[in-house]
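> what follows is a predicted structure for the sequence shown.
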Amino acid sequence: MNLPNKLTLGRIFLVPFIIVFLVVGEKVPNYTAGAIFLAAVLTDWLDGRIARNTRQVTALGKLLDPIADKLLISTALIALVQVGRAPAWMVVLIVGRELAITGLRTVAASQSIIIHASDFGKYKMLAEVAAVTFLILDWPPQWDFIVASSLGFLCLWVAVVLSIASGIDYFFRFWKVIDLSR
C-alpha cells in the first residue's frame, strides 16, 4: 500500500476521534475536534498531491478518497447537528446530495464512465471545510449584544447553495454520457 492510500486510511481513522471530541469533548469552542478535523483535511490535500506528483494514483485510492471525503464531512456535519451548531435541514441537503452523486457515480462506473468533479464540486468542498471548521471552533465568538450569523453558519449557507448547484451540474453531465438502456 502506497503513502497516499495510507493517508486516506488515516483520514478515515480520524473521523471517530473528531466525533468523540466534538460530541463529548469540550464546550464551544472545541479546539481538539477542530485540530483533528484540520489534520484530516490536510491528509486529503496531501494524499492527492503526492499521488499525482509521484504517479502513485491507484484504483484503491480512486475508490477510497471520495469515500473518506464524504465520511469526514458528513459525520462532522451530523455531529454538529447533535451539538446544536448546524441546522438539520441544511445537513440533510448536503449529505443527501453526496449520497445521490455517489449513486450516479456508481451507475456511471458500471458503464466504465468517469464523471470528474467540476469546479462547483471543488468550491463546495472548500465551503464545507470552512463551515465545519468555523462551526466546530465557534468562530468568531458571538456576543449577546450583536445579532449576526456566525461565519460557520454563513459558510454552511454557501455550502448548501454550492451543493445544490454542483448536484444539478453533475446530474446534467451524467445524463449526457450515460446509456440507461444498459
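Done, it's in.
> so is the residue nearest in space to the middle of the chain in a helix, a strand, or just coil?
With distances taken as C-alpha atoms, centre = their mean, the residue of the chain nearest its centroid is residue 73 (3.5 Å). Each residue gets one of three states, and residue 73 gets helix by DSSP: H, G, I helix; E, B strand; the rest coil.
> show me where the chain has helices.
With helices called from DSSP state H, the chain shows them at 3-23, 31-53, 59-82, 88-110, 119-137, 151-177.
> buried sites along the fourth one?
Of the residues in helix 88-110, those with enough neighbours to count as buried (16 or more other C-beta atoms under 10 Å) are 90-91, 93-95, 97-98, 101, 104-105, 108. Backbone N, C-alpha and C define where each C-beta goes, glycine included.
> and that helix, how far from the chain's centre?
On the basis of C-alpha atoms, centre = their mean, to the nearest Å, helix 88-110 sits 11 Å off its chain's mean C-alpha point.
> make JSON lines from the helices of the chain and add mean pLDDT to it.
Supplementary listing: the helices of the chain in JSON lines, determined by pLDDT from 0 to 100:
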{"stretch": "helix 3-23", "mean pLDDT": "92"}
{"stretch": "helix 31-53", "mean pLDDT": "91"}
{"stretch": "helix 59-82", "mean pLDDT": "91"}
{"stretch": "helix 88-110", "mean pLDDT": "93"}
{"stretch": "helix 119-137", "mean pLDDT": "92"}
{"stretch": "helix 151-177", "mean pLDDT": "93"}
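> could you say which of these is packed most deeply?
Burial of those is given as mean neighbour count (mean count of other C-beta atoms under 10 Å); helix 119-137 ranks first at a mean of 21.
> what are the contacting residues of that helix?
Helix 119-137 has contacts (C-beta atoms under 8 Å, 6 or more residues apart in numbering) with 22, 29-31, 33-34, 37-38, 41, 69, 73, 76-77, 80, 85-86, 94, 150-153, 155-156, 158-159, 162-163, 165-166, 169-170.
> could you check the angle helix 31-53 makes with that helix?
150 degrees (axes from the mean of the first three to the mean of the last three C-alpha atoms, to 10 degrees).
> list the contacts for the residue lying closest to residue 9 once chain neighbours are set aside?
Distances taken as C-beta to C-beta, 6 or more residues apart in numbering put residue 64 closest to residue 9, at 7.1 Å, once the chain neighbours are dropped. For residue 64, the set of contacting residues under the criterion of C-beta under 8 Å, 6+ apart consists of 5, 8-9, 12.
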